[in-house]
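[1] mind folding the following:
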Amino acid sequence: MLIPVLVPVKSHIQKFIINRYGDGQSHSIPVRKMTFLGDLVALALVKNTFMQTRMETPAGPFLVFNYPSETKFLEVTREKNRMLQSALDRHFRDCLISFVMGYHHATGDQMQAVKKFLDVHGIDEEMLSSDTAWKIWRDFEVKKERQRQKSFRQVVGSSGQLVGKIDNLSVSYALS
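    Numbering: from 1, shown residues only. Prediction:
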C-alpha cells in the first residue's frame with residue numbers, strides 16, 4: 001500500500017526535487033525505505049488510528065511522495081510538514097554548496113558555478129534568481145571563514161587581551 005504525503009514547497013525546491021529524484025515532469029515521486037527521501041518522509045509520518053482521509057491540494061507548488069507502508073493509519077501533522085519543508089530546503093542548500101564548491105575549485109568562477117547548478121536542475125530566474133543562490137554560497141563562505149578564524153585563534157592561543165606594549169615604534173617586525 002502506498003501512502004501519499006503531500007508537501008507544499010517553494011517552486012525552486014519543487015523543480016530541484018523533481019529533477020533530482022523524480023522523472024522530471026510529475027509532482028508524484030515514489031520513495032522507498034532506506035533512501036534519503038524515504039527516511040525523511042518516515043520521520044515525518046505519525047501513526048494515528050483515528051485519522052480522517054483528507055487530501056487537499058495546495059494553491060502553490062507542491063510535491064507528493066508515495067511512501068510504501070503496511071498500515072494505512074499514518075499521516076503527517078502540520079508541525080512535521082513544516083519540518084519536512086525545511087529539511088528539503090536545507091537539502092537544496094547543501095547540494096548547491098557542494099556543487100559550487102567543486103565547480104569553483106575546478107574553474108575558479110563562483111558565479112558561473114551557481115548559474116551552472118541552476119541550469120543543470122532546470123531552475124530559471126523566475127523561480128530563484130542567480131543572485132539569491134549566490135548569496136546562499138556567500139553566506140556559507142562567510143560562516144566557514146569565521147570558523148577558520150576562531151579555530152586559528154584557539155590554536156595559536158590568542159586570548160584577545162593586551163599582552164605587552166611596544167615602546168619603540170621604529171621596529172617593523174620581530175622574530176620569536
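
[2] what helix or strand does the spatially most central residue of the chain sit in?
    Nearest residue to the geometric centre of the chain (Cα atoms, centre = their mean): residue 90, 2.3 Å. Using DSSP states H and E, residue 90 falls within helix 78-107.

[3] what comes up buried for that helix?
    80-81, 84-85, 87-88, 91-93, 96-97, 99-101, 103-104 (16 or more other Cβ atoms under 10 Å). Backbone N, C-alpha and C define where each C-beta goes, glycine included.

[4] which residue ranges of the protein form strands?
    Assigned strands in the chain, in chain order: 2-8, 28-30, 45-47, 62-68, 74-76 (criterion: DSSP state E).

[5] right, so of these, which gets closest to residue 132?
    Ranking these by proximity to residue 132 (Cβ to Cβ) places strand 2-8 first, at 19.7 Å.

[6] using CSV, please lay out the strands of the chain together with mean neighbour count, mean pLDDT and distance to residue 110.
    CSV is the format used below for the strands of the chain (neighbours: other Cβ atoms under 10 Å; pLDDT from 0 to 100; distance: least, Cβ to Cβ, whole Å):
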stretch, mean neighbour count, mean pLDDT, distance to residue 110
strand 2-8, 18, 87, 31
strand 28-30, 16, 89, 31
strand 45-47, 14, 85, 39
strand 62-68, 18, 88, 29
strand 74-76, 19, 83, 37
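
[7] so, low pLDDT: which residues of the chain?
    Where the chain drops to pLDDT under 70, the residues are 49, 51-56, 152-176.

[8] check contacts around residue 30.
    For residue 30, the contact set (Cβ atoms under 8 Å, 6 or more residues apart in numbering) comprises 2, 65-66.

[9] make it 6 Å
    residue 66 (Cβ atoms under 6 Å, 6 or more residues apart in numbering).

[10] verify the stated contact: residue 44 with residue 86.
    No: Residue 44 is beyond contact range of residue 86, at 11.1 Å (criterion: Cβ atoms under 6 Å).

[11] residues near residue 71, how many?
    If you count neighbours by other Cβ atoms under 10 Å, residue 71 ends up with 10.

[12] who's the closest residue to it other than its chain neighbours bridged to?
    Closest residue to residue 71 apart from its sequence neighbours, by Cβ to Cβ, 6 or more residues apart in numbering: residue 47 at 7.3 Å. Legend: beta-bridge partners of residue 47 under DSSP bridges are residue 74.

[13] how near is residue 47 to residue 74?
    Between residue 47 and residue 74 the computed distance is 6 Å (Cβ to Cβ, to the nearest Å).
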